[in-house]
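Novice: Got a predicted structure plus its sequence, pasted below:
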Amino acid sequence: MRHKLTYILFLFLLLNSFSTEAQSAKQKALEAKRIKIQKELKQLNVFLFSNKKEEKSVVSLVENLNYKVNVRRNLIKVTNDQANLLTREINANQNEITSLRDQLTALKKDYSEMIVKSYKNKSEQSRMMFLLSSDDFKQAYKRLQYIKQYTDYQKEQGDLIKGKTTKLQELNTDLLRQKADKDKLIVENRAVKKELEKELKEQDRLMASIRKNLSSYSSKIKKKQQDIDAIDREINRLIREAIAASNKKAGKSESSSDFSLTPEAKLIAKNFISNKGKLPWPVVKGVVTVRFGTQRSPIDPTVSFKSKGVRIATDKSAKVRAVFEGEVMTVAVHKNSNPVVLIKHGNYITAYRNLSKVYVRKGDKISAKQEIGEVFTNNAGKTILGFAVFKNSIPQNPASWIFEM
């Protein structure tokens, strides 16, 4: 029965240990995420809001503010998750402390009774009489073993009390730290919520001015999206032309939708795929302000647009770098837009849009992280890089390819 209880206690402690480790890992992951979002907010302030007075477009200001509001809400959510997890950890810690105190009370009681009993029988004469009163040698040997086991058990109980006392002290220290961490998170969250309230009021103020002439602003949004769509169509045309040229050179059907690859190009494509999720950012510092896929305008929810890549806010005159080795497929300049560089990585293409300067030419061999140009900075001081990834002519989500995008 005693062995069974020991086994159950061991199993409980083991499961509790696993649970504690899992919570600790989750807490570390949440803390890393919180720090990352805080960094993103700081970068947003630098890249998008440092020249707020120079911003001429209300639409652009609302779009940027909308993104910032969403990031701040995400920060509040992550901080709340951390605080809630800490609350659960604190409760579990308090329960464990209560359990340990109860165990210590029982252990000390048993130990004190054992010490009293041992004191009464501590004389060498008593022990000798206990051994000599044995009926035979076998019984004497068993009694000797009993005395030894009883002495060892006393020592074990003493060590167990010391161990549990130390554990209790550690838990109390940990509990104080957890409560301090939670209080800090609550204070920080209050400050973040105040900032959010200010931003929401600013957003409401701007939206009120927009609603007075919503149709005009909606037209501007649609026109801006039409210009972006036109560049998308041009990029798609250039890729399809490159596919047709590769197939013609290989003596295959020009109507194929896939690149015909040389052995070298196949190897580059294979390496590109093996680095999925690990590719470097196309700029050293940046924040994604428009993500991949279909999205609704924050100005007019009835207007939606499809983003075939991402838009990254970055430093003024930031250098653009290739995310992987490859060959410059083309440097294109569409009417009323800034240059676009397309780099071929086997049957994958990366596109770098809105450049002010281009350092490369068609046919150049490119290495990973090689600088290929600079990002254009507009009159309002905004520096936005358009970045896209294609498999043949099919757009891919850059967030699946770039490290921690």
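Specialist: Looks like it arrived, so ask away.
Novice: Let me see the ranges of the strands in this protein.
Specialist: 287-290, 293-296, 304-307, 310-313, 319-321, 326-332, 340-345, 348-353, 355-358, 365-366, 371-375, 384-391, 394-396 (DSSP state E).
Novice: Can you tell me which of those strands is most buried?
Specialist: Across the strands of the chain, the average number of neighbours (mean count of other Cβ atoms under 10 Å) peaks for strand 348-353, which reaches a mean of 26. C-beta coordinates here come from the backbone N, C-alpha and C atoms, glycine included.
Novice: Other residues contacting that strand?
Specialist: 231, 235, 239, 269, 272-273, 282, 309, 320, 322-324, 326, 329, 337-338, 340-343, 372-373, 385-391 (Cβ atoms under 8 Å, 6 or more residues apart in numbering).
Novice: Repeat the analysis, applying 7 Å as the threshold.
Specialist: Strand 348-353 is contacted by residues 231, 235, 239, 269, 272, 282, 309, 320, 323, 329, 340-343, 372, 385-391 when judged by Cβ atoms under 7 Å, 6 or more residues apart in numbering.
Novice: what pairs with that strand, and is each one parallel or antiparallel?
Specialist: strand 340-345 (antiparallel), strand 384-391 (antiparallel) (DSSP bridges).
Novice: show me what contacts the closest residue to I90 other than its chain neighbours?
Specialist: Distances taken as Cβ to Cβ, 6 or more residues apart in numbering place Q178 nearest to I90, at 5.1 Å, with adjacent residues excluded. Counting by Cβ under 7 Å, 6+ apart, Q178 makes contact with 86, 89-90, 93.
Novice: Among the strands of the chain, which comes closest to K223?
Specialist: Smallest distance to K223 across these (Cβ to Cβ): 11.8 Å, for strand 304-307.
Novice: Quick check: longest helix in this structure by residues?
Specialist: Longest helix of the chain, by residue count under DSSP state H: helix 137-211.
Novice: Pretty sure K276 sits against W401.
Specialist: Yes: using Cβ atoms under 7 Å, K276 makes contact with W401 at a distance of 5.6 Å.
Novice: what's the overlap in contacts for these two?
Specialist: Between them, K276 and W401 share no contacting residue under Cβ under 7 Å, 6+ apart.
Novice: Between the two, which is the more surrounded one?
Specialist: Just comparing K276 and W401: by other Cβ atoms under 10 Å the higher neighbour count belongs to W401, 21 against 13.
Novice: what's near enough to touch that one?
Specialist: 276-277, 279, 389.
Novice: repeat that with 8 Å
Specialist: 276-277, 279, 323, 389.
Novice: Ok, L100 next?
Specialist: L100 neighbours (Cβ under 8 Å, 6+ apart): 164, 167-168, 171.
Novice: just E188 next, same as before
Specialist: Contacts of E188 by Cβ under 8 Å, 6+ apart are T79.
Novice: quick one: it from N80, how far?
Specialist: 11 Å (Cβ to Cβ, to the nearest Å).
Novice: By average pLDDT, which secondary structure element in the protein comes out worst?
Specialist: helix 124-132 (a mean of 55; mean pLDDT, DSSP states H and E).
Novice: Count the residues that sit near the spatially closest residue to L171 that is not a sequence neighbour.
Specialist: Once flanking residues are discounted, L171 sits nearest to I97: 5.1 Å by Cβ to Cβ, 6+ apart. By the criterion of other Cβ under 10 Å, I97 has 16 neighbours.
Novice: Might one say that I97 is in contact with L175?
Specialist: Yes: between I97 and L175 there is a contact at 6.9 Å, judged by Cβ atoms under 8 Å.
Novice: show me what contacts the residue nearest to L342 when sequence neighbours are not counted?
Specialist: Nearest residue to L342 in three dimensions, chain neighbours excluded: M329, at 4.3 Å (Cβ to Cβ, 6+ apart). M329 is in contact with 238-239, 242, 342-344, 349, 362, counting by Cβ under 8 Å, 6+ apart.
Novice: can you do 6 Å?
Specialist: Counting by Cβ atoms under 6 Å, 6 or more residues apart in numbering, M329 touches 242, 342, 344.
Novice: What pLDDT does the model give it?
Specialist: You'll see M329 listed with a pLDDT of 97.
Novice: do the one 3 residues further on as well
Specialist: pLDDT for A332: 93.
Novice: Distance-wise, check it relative to R311.
Specialist: On the measure of Cβ to Cβ, A332 and R311 end up 18 Å apart.
Novice: cool, and A269?
Specialist: Taking Cβ to Cβ, one finds A269 at 26 Å from R311.
Novice: Run through the stretch 151-300 of the chain and note the low-pLDDT ranges.
Specialist: Scanning the stretch 151-300 of the chain for pLDDT under 70 picks out the ranges 151-155, 157-158, 161.
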